[in-house]
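>>> Output the structure for:
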Amino acid sequence: MFCEDDVMIQKLIRAALRSLAHEIHLAPDGASGLRLIRKEHPDVIFSDVSMPGMDGYQLGDAVKADPTISHIPIVFMTASVQRAQVEEASRHGAAGVLAKPFTMADLRARVDEFTTKTG
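Numbers count the residues shown, from 1 in each chain. Model (predicted):
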């Protein structure tokens with residue numbers, strides 16, 4: 001599940017993950033993303049931090065406050081991965097941070113990190 005308002009990054013996400021065996025859902029903002037998360041219960045949520053309306057941190061807070069989806073890991077995507085931003089992401093439930101701009105390989109690796117099942 002991806003919450004991303006930038007159309008070019010949405011295209012990169014689709015291109016990067018096209019060949020993987022994962023079902024991909026894209027939402028253009030946090031509010032529609034939250035509705036989709038509640039409906040689909042994805043394995044992982046990737047969310048841009050800076051979005052209009054409900055931003056990524058507000059989305060993270062809403063996910064963590066809802067016991068039906070609070071177990072889903074959230075990876076925040078942001079251009080700033082300095083210590084203060086990573087700490088802020090952690091306060092909003094981040095399981096990880098993905099630095100923007102990212103490569104297709106970076107994105108695939110992070111998706112695999114949270115979706116590969118062992119056993």
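>>> from here on, contacts and neighbour counts on C-alpha atoms
Noted.
>>> helix/strand/coil for the residue nearest to the spatial centre of the chain?
Among the residues of the chain, the one closest to the centroid is F46, at 0.7 Å (C-alpha atoms, centre = their mean). When classified by DSSP: H, G, I helix; E, B strand; the rest coil, F46 comes out as strand.
>>> Contacts only, for it.
Applying C-alpha atoms under 8 Å, 6 or more residues apart in numbering, we find F46 in contact with M1, F2, C3, I74, V75, F76, M77.
>>> P52: which of the residues you listed is nearest?
Using C-alpha to C-alpha, C3 is the member of the contacts of F46 that sits closest to P52, with 11.2 Å.
>>> buried sites along the lowest-mean-pLDDT helix or strand in the chain?
The helix or strand of the chain with the poorest confidence is helix 83-91; it has a mean of 87 (mean pLDDT, DSSP states H and E). Residues V86, A89, S90 are the ones in helix 83-91 that count as buried (16 or more other C-alpha atoms under 10 Å).
>>> how about the first one, what does it touch?
Neighbouring residues of V86 by C-alpha under 8 Å, 6+ apart: V97.
>>> Going by residue numbers, what spans are helices in this protein?
Assigned by DSSP state H, the chain shows helices spanning 7-17, 30-40, 56-65, 83-91, 104-115.
>>> Could you list every helix and strand that the second one packs against?
Applying 3 or more C-alpha pairs under 8 Å, 6 or more residues apart in numbering; DSSP states H and E, one finds that helix 30-40 makes contact with strand 2-3, strand 26-27, helix 56-65.
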